[in-house]
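Student: 3D model of this:
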Amino acid sequence: MLNPSRPGRILLGICWFIIMAVGIVMAQHHDRVLRERKSRRAEYEAIRLSLEAQRDGLKAHWAGLQHDPEVIEQVVRRKLRWTKPGEVVLGYREAKAPDALSGPIPSPD
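Tutor: Numbering: from 1, shown residues only. Reported below is the predicted structural model:
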C-alpha cells in the first residue's frame, strides 16, 4: 500500500491546489471570451441587417432608374438642378436643433 510521507502529501496538496487554481482561471477566461464573441456576433448581426436593408433600397432605386421615367426625372432634377421652363424651385436648409445647454435659462413663471 502506498503511504506518502508528510512532505510528499504536502507537495501533492500544493500540486492539486495549483492545478485547480489554473483550471478556475482558464474557465473564467474562456467564459469572458465567449461573452465577448457573443456580443460581437450581435453587433455584426445588426450591421448585417442594416446593410441588407440598404442593399434592398438601392436595388429598388436601381430598378426605378432602369424602368421608371419619373424616377429618372426626379434624380436628374435633384442632382443637376434642372427645371422646366417657367418652373420655380424653392430650396431650404435644415435648421440645426437648438443646444439645450446654450443660451439663457427660461424663467419658471
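
Student: Beyond the helix or strand where D56 lies, next helix or strand please.
Tutor: Using DSSP states H and E, D56 sits in helix 6-67. Of the helices and strands lying after helix 6-67 in sequence (DSSP H and E), the nearest is helix 69-80.

Student: how about that next one: buried residues?
Tutor: V71 (16 or more other CB atoms under 10 Å). Yep, even glycine has a C-beta here, placed from its N, CA and C like the rest.

Student: How many residues are close by L49?
Tutor: 10 (other CB atoms under 10 Å).

Student: Hmm, I typed the wrong one, I wanted A21.
Tutor: 10.

Student: From Q28, how far out is it?
Tutor: Per CB to CB, to the nearest Å, A21 is found 11 Å from Q28.

Student: now do E70
Tutor: Note on E70: its distance to Q28, by CB to CB, is 62 Å.

Student: Run a quick neighbour tally on T83.
Tutor: Neighbours around T83, by other CB under 10 Å: 10.

Student: Provide the secondary structure category for the nearest residue to it once chain neighbours are set aside.
Tutor: Spatially, and ignoring its direct neighbours in sequence, T83 is nearest to V89 (5.6 Å; CB to CB, 6 or more residues apart in numbering). Secondary structure for V89, judged by DSSP: H, G, I helix; E, B strand; the rest coil, is coil.

Student: so V89 makes contact with R81?
Tutor: Yes - counting by CB atoms under 8 Å, V89 touches R81, with 7.3 Å between them.

Student: what stretches of the chain score poorly on pLDDT?
Tutor: 1-4, 97-109 (pLDDT under 70).

Student: Just want the most central residue of it.
Tutor: The centroid of the chain falls nearest to E43 when counting by CA atoms, centre = their mean (4.6 Å).

Student: how much space between it and H29?
Tutor: E43 is 21 Å from H29, by CB to CB.

Student: Could you do G64 as well?
Tutor: Counting by CB to CB, the separation of G64 from H29 is 53 Å.

Student: picking up where we left off before, let me see the backbone angles for the residue nearest to T83.
Tutor: phi -110, psi 130 (degrees, to the nearest 10).
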